[in-house]
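[1] dropping a prediction and its sequence here:
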Amino acid sequence: MPVEEALERLLAMAEATPIRERERLPLAATQGRVLAEPLVSSLDLPPWPNSAMDGYALRLEDWKGEPLPVSQKIFAGQVPEPLQPGTCARIFTGAPVPAGADCVQMQENTEVQDDQRVRFTEPLKVGQNIRPQGQETTIGEQILAAGTRLGPIEQGLAASLGCAELDVIRRVRVAVLSTGDELLEPGQPLGPGQIYNSNRVLLCSWLQRLGCEVLDAGILPDDLAATRERLAELKDVDLILSTGGVSVGEADFLGLALREAGELALWKLAIKPGKPLTFGHFRGVPVIGLPGNPASTLVTFALLARPYLLRRLGVQSIQPLRFQVAAGFAWPQPGNRREYLRGRLEDGRAIIYRNQSSGVLRSAAWAEGLVEVLEGRTLVEGDQVAFIPLSELLD
Ligand SMILES: Nc1nc2c(c(=O)[nH]1)N[C@H]1C(S)=C(S)[C@@H](COP(=O)(O)OP(=O)(O)OC[C@H]3O[C@@H](n4cnc5c(N)ncnc54)[C@H](O)[C@@H]3O)O[C@H]1N2
Ligand code: MOO
Ligand SMILES: [Mg+2]
């Protein structure tokens with residue numbers, strides 16, 4: 001199955017089981033969360049016309065080339081008197097423009113005379129250096145759509161509109177399961193035949209960055225009965241995300257357990273790394289089985305599980321930024337799967353890590369992004385390839 005089709009099917013399944021429960025949170029606690037309601041402005045921004053510069057406010061008509069006396073001084077936070085005709089007002093950035101004034105000259109373009117009157121040394125236009133009321137936002141305008149993910153910028157924007165709390169979709173509850181008899185948690189001495197579990201922490205901390213509630217379901221031995229049992233225990237979650245045990249080996253039981261339960265939906269993708277990615281349900285709970293090789297786990301989580309999770313929350317824009325760059329490497333052998341090579345940009349070209357084995361997580365730590373090579377494609381140096389920054393995928 002081509003990658004696009006797999007993604008479409010995953011997204012369709014996500015849309016069929018949207019998470020709708022919401023909670024009201026203090027603004028500062030909404031980082032990474034998804035807006036449940038459109039954010040509509042209850043004020044004009046700015047609420048009143050204000051000065052964009054430190055200088056002098058005046059009515060242009062009053063200025064006939066002669067210096068003007070200063071009738072008041074207005075700081076940000078103060079409420080000015082209406083401007084006396086024939087005068088100017090000393091004004092500072094962010095201070096309200098007095099009624100009657102229609103432009104501000106910055107102080108660099110003025111000279112204060114000995115008699116304290118102000119001479120304007122440069123031409124002026126109506127509206128100059130005034131930020132009009134409602135220039136950014138007017139009352140009733142929709143500022144952010146429901147389904148927007150909140151980050152520092154959106155939080156800042158909500159604060160500028162006076163929101164102290166926001167309604168967000170509750171977190172997705174994800175159980176993370178690592179499968180494999182060979183796995184050992186870091187911190188213990190490695191025995192013969194063992195390797196440390198790297199997928200667990202990789203996924204748990206990635207999910208946390210995405211705003212998920214993570215339930216660490218530990219390590220599952222390679223055993224069909226144990227797999228069935230553990231899957232059955234994880235019934236209060238929105239998704240079971242496992243790694244390993246999805247290929248065709250005699251110790252790969254995850255796909256088998258789903259097939260047995262009659263709910264295996266997706267298997268064998270034209271993606272490298274990540275071919276055996278598995279999606280299904282176990283007694284109604286969605287299960288995504290990521291392939292166990294660490295780089296396969298990473299690529300399939302980034303490109304398939306992440307958008308699935310975001311879509312469960314109602315997020316519409318899930319496509320990461322990608323751009324075309326010149327390949328700084330050759331790709332002489334066309335593949336029958338779409339490849340996501342761990343690469344970086346050097347002198348404007350994409351170069352790739354020397355070892356692209358799906359077992360080598362170090363390739364991704366070295367990389368700045370995924371270089372997409374389409375199925376059937378060959379490349380000579382200088383050909384255009386798509387580059388997806390990893391930073392786009394991590395949050
Ligand atoms: N005969 C075939 N063999 C394999 C095929 C195939 O099509 N035919 N596909 C290969 C591909 S592609 C992949 S990817 C792997 C996927 O295998 P599984 O998802 O079943 O994963 P495991 O076999 O359990 O483990 C694979 C590999 O990854 C290591 N691993 C697993 N979990 C972790 C973890 N939590 N932390 C670190 N490393 C982990 C595990 O030790 C294995 O080395 O199958 C190929 N085989
Ligand atoms: O798809 Mo497996 O693609 O070697 O990592
Ligand atoms: Mg296997």
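    Yes, it's here. Ligands and ions are numbered 1, 2, ... in the order given.

[2] against Glu263, how distant is the closest residue to ligand 2 within the stretch 201-350 of the chain?
    Per CB to the nearest ligand atom, Pro273 is where the stretch 201-350 of the chain lies closest to ligand 2, at 2.9 Å. (Glycine included, C-beta is placed from N, CA and C.) Going from Pro273 to Glu263 by CB to CB, to the nearest Å gives 25 Å.

[3] neighbour-wise, which of those two wins?
    Pro273 (26 against 17; other CB atoms under 10 Å).

[4] now the more buried one. Its backbone dihedrals?
    Dihedral pair for Pro273: phi -80, psi 160, per degrees, to the nearest 10.

[5] what does the stretch 151-300 of the chain put close to ligand 3?
    When proximity is defined by CB under 5 Å from the ion, the stretch 151-300 of the chain lies next to ligand 3 at Ser247, Gly249, Asp252.

[6] most neighbours of all those, which one?
    Neighbour max across those (other CB under 10 Å) = Asp252, 22 neighbours.

[7] before we move on, back to that, list the contacts of the residue of the stretch 201-350 of the chain closest to ligand 2.
    Shown in contact with Pro273 (CB atoms under 8 Å, 6 or more residues apart in numbering): Pro291, Asn293, Ala295, Ser296, Val299, Thr300, Tyr340, Ser358.

[8] and the pLDDT for it?
    At Pro273, the model reports a pLDDT of 98.

[9] give me the distance between the closest residue to ligand 3 within the stretch 251-395 of the chain and Asp216.
    Nearest residue of the stretch 251-395 of the chain to ligand 3, counting by CB to the ion: Asp252, 4.2 Å away. As defined by CB to CB, Asp252 lies at a distance of 22 Å from Asp216.

[10] kindly report the same for Ile130.
    56 Å.

[11] cool, Leu361 as well?
    19 Å.

[12] Trp366 now?
    Trp366 sits 27 Å away from Asp216, going by CB to CB.

[13] now do Gly180
    15 Å.

[14] who has more neighbours out of these two?
    Neighbour count, other CB under 10 Å: between Gly180 and Asp216, Gly180 has more, with 20 against 15.

[15] for that one, give me the pLDDT.
    Gly180 is given a pLDDT of 97.

[16] ditto for Asp347
    Here, the pLDDT recorded for Asp347 equals 97.

[17] look up phi and psi at it.
    phi 50, psi 40.

[18] excluding chain neighbours, give the residue nearest to it in space.
    Nearest residue to Asp347, sequence neighbours excluded (CB to CB, 6 or more residues apart in numbering): Gly328, at 7.6 Å.

[19] for the one you found, give me the pLDDT.
    Predicted confidence (pLDDT) for Gly328: 98.

[20] which phi and psi does the residue in the stretch 251-395 of the chain positioned nearest to ligand 1 have?
    Per CB to the nearest ligand atom, Gly292 is where the stretch 251-395 of the chain lies closest to ligand 1, at 2.7 Å. Dihedral pair for Gly292: phi -70, psi -30, per degrees, to the nearest 10.

[21] now Glu372: closest residue in space that isn't a chain neighbour?
    Ala386 (4.2 Å).

[22] look at that neighbour and give its secondary structure.
    Assigned by DSSP: H, G, I helix; E, B strand; the rest coil, the conformation of Ala386 is strand.

[23] how about Leu166?
    With three-state DSSP as the criterion, Leu166 reads strand.

[24] isn't it right next to Arg24, touching?
    Yes: at 7.2 Å, Leu166 counts as touching Arg24 under the criterion of CB atoms under 8 Å.

[25] re the thing from before, state the distance from the residue of the stretch 251-395 of the chain closest to ligand 3 to Gln84.
    To Gln84, Asp252 is 85 Å away according to CB to CB.

[26] ok, now Thr179?
    80 Å.

[27] which one's more surrounded, these two?
    Legend: neighbour count by other CB under 10 Å for Thr179 and Gln84, higher for Thr179 (25 against 14).

[28] is it true that the more buried one touches Thr243?
    Yes: with contact taken as CB under 8 Å, Thr179 and Thr243 are classed as touching, separated by 6.6 Å.

[29] okay, and the common contacts of these two?
    Gly292.

[30] buried residues in the helix or strand encompassing Leu393?
    Secondary structure from DSSP states H and E places Leu393 in helix 390-394. Using 16 or more other CB atoms under 10 Å as the test for burial, helix 390-394 gives Leu390, Leu393.

[31] what's the answer for stretch 305-314, then?
    Neighbour counts over stretch 305-314 (16+ other CB under 10 Å) mark Ala305, Arg306, Pro307, Tyr308, Leu309, Leu310, Arg311, Arg312, Leu313, Gly314 as buried.

[32] so which of those belong to strands?
    Nothing among these maps onto strands, per DSSP state E.
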